[in-house]
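K.L.:
Using only what follows, build the 3D model:
(one chain, ligands or ions: 1)
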Amino acid sequence: MIHNRYTGEEVCFSCEVFPPKRDDDIYEIFQTLDAIEDLKPDYISVTYGAGGSNSKKTAKISSYIQNVCDVEALAHMTAVGMTKDTLKERLEELQKKAVRRILALRGDRPRTMTEEEFEQREFRYASDLIRGIKDFGDFRIAAACYPEKHPESPDLEADLKYLKEKCDLGVEELITQMFFDNEKFYRFRERIDEMGIKAELHAGIMPITKVNQLGTSVSLSGSSVPTELSNLIAKYSEDPAGMRQAGIEYAIRQVDDLLRHGITGIHIYTMNKADVTREIYNAVAH
Ligand code: FAD
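P.N.:
Okay, here's the model as predicted:
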């Protein structure tokens, strides 16, 4: 928890890590976690490869967080590539490792999967996976949400209808897709309040510390990039150290503004960079 200097409230502070591509690099992520651990985040979430490709690594890293770092682990899990049998196996594995929190997602089609295979998936949407986890029991479930709508949704209202469905199934936390324009997030928060969605809302903040970061994950996310941020990227295109600092400062300004607006959940997309997470934490935690 961090203390909000503007409202006096406690704020849930969490972050996300992803499993390394190469098995040999798993110790690097453990080192990253060791370096984050003393910030005492409320939880650390661990991503899951498209189609379940690295589910074992997600479970192993989640277990390290839960049992070695003594921080709550939130294991991501996707419906794509999942069958009833594999879901049972994955849940039993997490249960054995004392990991009790899951971010239930639909996932996207991995490059190795044909359109046809994707269309024939057993669990169609995140809501179907949530039902499956609920039937098994014993897990606290989180879900994803999109302040600027999911890229496949025709509009925000259509997306919100399905978000409500996920929440009505018992989702306790919502983590947003990264956003760079806080105004979009505030409008989204108003809409979900109006709809009576009571799940805790955690604002997803991605520090842009490299010029090429926008080209990959950000463009896929559909998140809009304000002129202030694109100007920074243009300004520091030849200056990696300058970009790193400017990106961290942008993220700090975003978090500070969120705290000023009484937001009670901050989720940092760490990109496995402990130093970046620490700088943001030190600037906002009181
Ligand atoms: P859903 O909630 O199922 O929604 C997907 C789309 O279908 C939306 O457009 C929605 O409006 C629509 N929809 C939902 N229900 C219905 C219905 N019943 N009928 C018709 N339409 C419906 N991906 C990974 O592979 N691994 C990860 O670890 C991962 N972590 C993520 C973490 C966060 C915080 C976020 C925001 C995303 C993450 N993703 C991850 C990406 C995610 O898998 C994709 O964004 C995916 O396209 C949608 O997942 P979802 O759970 O939001 O899907």
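
K.L.:
shouldn't Tyr269 be in contact with Ile208?
P.N.:
No - with contacts counted by Cβ atoms under 8 Å, Tyr269 stays clear of Ile208, the gap being 10.0 Å. To be clear about C-beta, it is placed using only N, CA and C from the backbone, and glycine gets the same treatment.

K.L.:
Quick one: name the residues of this structure near the ligand.
P.N.:
Counting by Cβ under 6 Å from any ligand atom, the residues of the chain close to the ligand are 47-48, 50, 76, 78, 103, 105-108, 125-127, 144, 150, 152-153, 158-159, 162, 166, 175, 177, 204.

K.L.:
Tell me which entries of those lie within strands.
P.N.:
His76, Thr78, Leu103, Leu105, Ala144, Ile175, Gly204 (DSSP state E).

K.L.:
Now the two most distant members of the residues you listed.
P.N.:
The span of those, defined through Cβ to Cβ, is set by Thr78 and Gly204 at 17.0 Å.

K.L.:
Can you give me the buried ones in the one helix or strand Arg131 maps to?
P.N.:
Arg131 belongs to helix 126-136 when assigned by DSSP states H and E. By neighbour count with 16 or more other Cβ atoms under 10 Å, helix 126-136 contains the buried residues Ala126, Ser127, Asp128, Leu129, Ile130, Gly132, Ile133.

K.L.:
need the contact list for the second one.
P.N.:
Applying Cβ atoms under 8 Å, 6 or more residues apart in numbering to Ser127 gives the contacts Tyr162, Glu165, Lys166, Leu169.

K.L.:
just so I have it, where are all the helices in the stretch 151-286 of the chain?
P.N.:
Assigned by DSSP state H, counting those that start in this stretch, the stretch 151-286 of the chain shows helices spanning 156-168, 182-194, 219-221, 227-235, 240-260, 274-284.

K.L.:
Serialize these to JSON lines and add fields for mean pLDDT and distance to Pro41.
P.N.:
Formatted as JSON lines, these follow (pLDDT from 0 to 100; distance: least, Cβ to Cβ, whole Å):
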{"stretch": "helix 156-168", "mean pLDDT": "98", "distance to Pro41": "24"}
{"stretch": "helix 182-194", "mean pLDDT": "98", "distance to Pro41": "20"}
{"stretch": "helix 219-221", "mean pLDDT": "76", "distance to Pro41": "22"}
{"stretch": "helix 227-235", "mean pLDDT": "94", "distance to Pro41": "25"}
{"stretch": "helix 240-260", "mean pLDDT": "98", "distance to Pro41": "14"}
{"stretch": "helix 274-284", "mean pLDDT": "97", "distance to Pro41": "8"}
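
K.L.:
Now render the ones you listed as a markdown table, adding mean neighbour count.
P.N.:
Converted to a markdown table, these look like this (neighbours: other Cβ atoms under 10 Å):
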| stretch | mean neighbour count |
| --- | --- |
| helix 156-168 | 17 |
| helix 182-194 | 16 |
| helix 219-221 | 13 |
| helix 227-235 | 13 |
| helix 240-260 | 18 |
| helix 274-284 | 18 |
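
K.L.:
Out of the ones you listed, flag the one nearest Glu117.
P.N.:
Minimum separation from Glu117 across these (Cβ to Cβ) falls at helix 219-221, 20.5 Å.
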